[in-house]
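Asker: Sequence first, predicted model second:
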Amino acid sequence: MSHGREEKITIVLDARRETTALPLAHLNARRPGYDACVPSTSAVAQIATAQRVANARLTTATLGVMTLVAALVAAVFGAKPLVVALLAITAGGQGHAYWLTRRGRNTAGVLLSSTWLLVEHVGAQALGGGALGPIPYMVPIVILLVAATAPARWLPGSFVACLVALAVEGWISPWTGLDQQAIASAALYASIVFVVSLLHVRGTEHAFAIAEREDRARASAAAAAMESERRYALIADSADDLITLVDPNGKALYLSPSHRRVLGLAAEPTIGRLLQEHLHIENMQAASDAFARALSAEEARVDLVVRRADGELRLLDTHMKRVASEQGPLVAIISRDVTERRALETRLQASERLEALGRLAGSVAHDFNNLLTVIQGASDLARSALPAGHPSRADLDAVFAAAGTATELTRHLLTFSRRQVLVRTRVDVGKVLRSQRDVLERLLGPRARLEYDVEENLPTVLIPRAHVEQVAMNLAGNARDAMPSGGRLLFRLRARHLGDREVGDLVAGRYVELEVQDEGVGISPDVLPHVFEPLFTTKGKLGTGLGLATCFGIAIQAGGTIEVASEVGKGTTFRLLLPAAGAPEASIAVPATPPSEVKRVLVVDDDANVREMTARMLRAEGHEVLAASTLAEARAILDDDAARLDALVTDVVLGAEEGTDLIAPCRKSRPETRIVVMSGYAPDPNASATVAASGAAFLAKPFGRDQLLRALRGEPREDA
């Protein structure tokens, strides 16, 4: 063979991938004409055919050499020249037969060799002219030659040829008694050889056929197994799940290619080594316990915190299961990277928790606002009824101040709950921040350094200006508390275009992004999920727990979002995204009404105390008041054409009804009537848009007499 090496071919024998190596001395496809003489694809048939080929080559070569030697011996011992010539020609014929077998024409070579063998025997008898002697017994060699080197279908022909040769030999012999006995014995011997050879060859070919069918079946099963393995490998290679097979000692036997994509872990250096030597598991004890459970109880599940090659932590939902194999019990480990999914679940849970807290806070704030409206109104009326210097005025001032403080708290709660009615205006956030710089620097103190990075030509945002100021103050206050030794506080403002759900649930469009970054102590991972919850604080008695909750409510109610990222010892970054304002919408122009012309006012509120207090404050200023507690009562008054009505003051929430439903019929039947909408709680998120589109004045609960009168006169609100 080439380069002195024995080439081998591997043949699959069964579906369990058992293989055998066969020397290519028997199956050498490089030999000329090999494909023609070995057409079968069965390994057994190939072996049998290859053996016949080898027999034919060896036999024809041997016969050629023997005949050539016989010719030389005959010439040396003075045989008849014709006999020597016959032997020489026969040797040439056998050489030609050998050449045919070497060229791949195995059957032709064998038949030619057999023919020359018969010609030699018959010719020798014809030229010798004496008794036959043992010569007839050499004829059956032809049958053995064909049986050993050619398919069984050539045996009958070779047998007939032998009988013909024997008949010719008998015809040209003296035909003595010995000759007759020799011919008869040779014919009988040839018949026996023919029958035995035919049975042997037929049986062998039948056995080969059975073996070939079984071999093909095994090969088909092996091919199916290999295809199944290929499909499995394709699935394992393309799946994002991490598939690992380890022995009971924890040594890795197989790692799917997804380990490189997900964890940056290559399979080659890990195979045969302990898995923990290459996989950095943060909660190793939990992993070890789960592995032990899988070995003993057949199955275990655990969340593993694994550090990638680049240092990033990933959370893996891991399922371990014991599997049986020829090597003994193994453990199959299937892990799925659920880092992003768990983060989404955490955010969803936080959102649902904040939503529930918001509903609770809004409901509480609504009730408190009604109570505070009565307290403020009664205190204001009582104080105005007392002469200057009266000792009770100080007490009423204290009540009024306490009510103001409570008002701020309830407004924080309402802002967080996103249940307040807002009158939005177009605000340039960069301009608001610049105007606040002095206030923010005083808030931070001398140790902190305030920096601005504001992009030019930013779009405006639909939001109350006071809300932007409040967000900036709250975030700056948090940064001050997080930097007791000082540091830098950066306000970065820029425009961004987001794709759909690129950030949270925000829709695609233009946004204004406010990023507030400090160099403080950071927020610990166990505290971070709760920072936007109302009344949650880490400052003890120094904190109210409403600052960041208010920022959250402002962002959500404005149609944006707020996110936080923090690392202990490195600082915290808040990112506020607010949708850019679209084209201005036309609003209803409401003519200004001089105070002296507002005589009769319809007050609509389902809370009797608030309704009565509002009526008392208006009557104290000389207004005539009509009161209603439901939509039906209010509509009855509006539909009375004989009743003069200069102003409508209605609450947004009237039990299960909406006070804003009175705006449209009032505009239609009494276009000159001034409308004031008061609210301390709005369950309908569209209430702000309804009020803004109607052109009605807005009065936030709780309110005093001065705020009520300014709203009736159409003067701007103090917090606008």
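Answerer: Now that the structure is in, tell me what you want to look at. Residues are numbered from 1 along each chain as shown.

Asker: ranges for the helices of the stretch 101-250 of the chain?
Answerer: With DSSP state H, counting those that start in this stretch as the criterion, the stretch 101-250 of the chain has helices at 106-128, 141-149, 155-172, 177-238.

Asker: For A332, find the nearest of the ones you listed.
Answerer: helix 177-238 (11.6 Å; Cβ to Cβ). The C-beta positions use only the backbone N, C-alpha and C, and glycine is treated the same way.

Asker: Could you pull out the helices in the stretch 551-700 of the chain for me?
Answerer: 608-620, 631-638, 663-669, 687-694.

Asker: Format those as JSON lines; extra columns: mean pLDDT and mean neighbour count.
Answerer: Output for the helices of the stretch 551-700 of the chain, formatted as JSON lines (pLDDT from 0 to 100; neighbours: other Cβ atoms under 10 Å):
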{"stretch": "helix 608-620", "mean pLDDT": "89", "mean neighbour count": "19"}
{"stretch": "helix 631-638", "mean pLDDT": "89", "mean neighbour count": "17"}
{"stretch": "helix 663-669", "mean pLDDT": "86", "mean neighbour count": "15"}
{"stretch": "helix 687-694", "mean pLDDT": "64", "mean neighbour count": "19"}
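
Asker: And these: which comes nearest G477?
Answerer: Once those are compared by Cβ to Cβ, helix 687-694 is nearest, at 26.7 Å.

Asker: just to revisit the earlier point, select, out of the helices of the stretch 551-700 of the chain, the one closest to R437.
Answerer: Closest among the helices of the stretch 551-700 of the chain, using Cβ to Cβ: helix 687-694, at 29.4 Å.

Asker: any idea how far N106 lies from N249?
Answerer: 58 Å (Cβ to Cβ, to the nearest Å).

Asker: Can you convert the helices of the stretch 101-250 of the chain into JSON lines and add a column each for mean neighbour count?
Answerer: What follows is the helices of the stretch 101-250 of the chain, written out as JSON lines (neighbours: other Cβ atoms under 10 Å):
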{"stretch": "helix 106-128", "mean neighbour count": "21"}
{"stretch": "helix 141-149", "mean neighbour count": "22"}
{"stretch": "helix 155-172", "mean neighbour count": "18"}
{"stretch": "helix 177-238", "mean neighbour count": "15"}
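
Asker: Residue ranges in the stretch 101-250 of the chain under the pLDDT threshold?
Answerer: For the stretch 101-250 of the chain, applying pLDDT under 70 flags the ranges 124-125, 128-140, 173-182, 189, 192-193.

Asker: For the most centrally placed residue in the chain, which non-adjacent residue is closest in space?
Answerer: Against the mean C-alpha coordinate of the chain, by Cα atoms, centre = their mean, the closest residue is D240 at 6.1 Å. Nearest residue to D240 in three dimensions, chain neighbours excluded: S258, at 5.5 Å (Cβ to Cβ, 6 or more residues apart in numbering).

Asker: give me phi/psi at E672?
Answerer: phi -90, psi 0 (degrees, to the nearest 10).

Asker: Next, count neighbours for it.
Answerer: 11 (other Cβ atoms under 10 Å).

Asker: And G64, by the same measure?
Answerer: 22.

Asker: follow-up on the earlier one: F536: which of the helices of the stretch 551-700 of the chain is closest?
Answerer: Evaluated over these, closeness to F536 peaks at helix 687-694, with 26.8 Å, by Cβ to Cβ.

Asker: Go through the helices of the stretch 551-700 of the chain and name the closest to T537.
Answerer: Taking the helices of the stretch 551-700 of the chain one by one with Cβ to Cβ, helix 687-694 is closest: 28.9 Å.

Asker: I'd like the next helix or strand past the helix or strand that contains S392.
Answerer: For S392, the element it lies in under DSSP states H and E is helix 391-417. Of the helices and strands lying after helix 391-417 in sequence (DSSP H and E), the nearest is strand 425-427.

Asker: Can you list the neighbours in contact with that following strand?
Answerer: Strand 425-427 is contacted from outside by T460, V461, L462, I463, P464, R465, V468, A581, P584, A720, using Cβ atoms under 8 Å, 6 or more residues apart in numbering.

Asker: if we go to 7 Å?
Answerer: Identification of contacts with strand 425-427 by Cβ atoms under 7 Å, 6 or more residues apart in numbering yields T460, V461, L462, I463, P464, R465, V468, A581.

Asker: Out of those, flag the one nearest to R600.
Answerer: P464 (31.6 Å).

Asker: and the closest one, how many neighbours?
Answerer: P464, neighbours per other Cβ under 10 Å, totals 20.

Asker: Show the backbone phi and psi for it.
Answerer: Residue torsions, per degrees, to the nearest 10, at P464 are phi -60, psi 140.

Asker: now the closest residue to S524 other than its chain neighbours: how far from A394?
Answerer: Take S524 and drop its neighbours on the chain: the residue closest to it by Cβ to Cβ, 6+ apart is V568, 5.7 Å away. For V568, the distance to A394 (Cβ to Cβ) stands at 49 Å.

Asker: Report the contact partners of the nearest residue to S114 once chain neighbours are set aside.
Answerer: Computed as Cβ to Cβ, 6+ apart, the closest residue to S114 that is not its neighbour in sequence is V142, at 4.4 Å. Residues counted as contacts of V142 (Cβ under 7 Å, 6+ apart) are S114, L117, L118, S158, A161, C162.

Asker: Spit out the contact partners of the first one.
Answerer: Shown in contact with S114 (Cβ under 7 Å, 6+ apart): V142, L145, V146, S158.

Asker: distance of A71 from I89?
Answerer: Taking Cβ to Cβ, one finds A71 at 9 Å from I89.

Asker: of these two, who's got more company?
Answerer: Between A71 and I89, counted using other Cβ under 10 Å, A71 has the larger neighbour count: 21 against 16.

Asker: Would you confirm that that one contacts V84?
Answerer: Yes - counting by Cβ atoms under 7 Å, A71 touches V84, with 5.7 Å between them.

Asker: Compile the contacts of V142 into JSON lines and extend it with columns for distance to A385.
Answerer: Putting these into JSON lines (distance: Cβ to Cβ, whole Å) gives the following:
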{"residue": "S114", "distance to A385": "144"}
{"residue": "L117", "distance to A385": "149"}
{"residue": "L118", "distance to A385": "151"}
{"residue": "S158", "distance to A385": "143"}
{"residue": "A161", "distance to A385": "148"}
{"residue": "C162", "distance to A385": "149"}
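
Asker: Show the pLDDT at L708.
Answerer: On the pLDDT scale, L708 is placed at 87.

Asker: That one touches R616, doesn't it?
Answerer: No - using Cβ under 7 Å, L708 is not in contact with R616; the gap is 10.7 Å.

Asker: Overlap of the contact sets of the two?
Answerer: With Cβ under 7 Å, 6+ apart, L708 and R616 have no common neighbours.

Asker: where exactly do the strands run in the stretch 451-600 of the chain?
Answerer: With strands called from DSSP state E, counting those that start in this stretch, the stretch 451-600 of the chain shows them at 461-463, 487-498, 509-518, 561-567, 571-579, 600-604.

Asker: who wins for proximity to V305 among those?
Answerer: strand 561-567 (16.6 Å).

Asker: Neighbouring strands of the closest one in the sheet, and parallel or not?
Answerer: strand 571-579 (antiparallel) (DSSP bridges).

Asker: Need the residues that contact the partner strand.
Answerer: Contacts for strand 571-579 (Cβ under 7 Å, 6+ apart): 461, 463, 471, 475, 482, 503, 506, 509, 511-520, 522-523, 555, 558-566.

Asker: What angle do strand 509-518 and it make with each other?
Answerer: 160 degrees (axes from the mean of the first three to the mean of the last three Cα atoms, to 10 degrees).

Asker: Average pLDDT for strand 571-579, rounded please.
Answerer: For strand 571-579, the mean pLDDT works out to 93.

Asker: what's the distance between R510 and E451?
Answerer: From R510 to E451 the distance is 25 Å (Cβ to Cβ).
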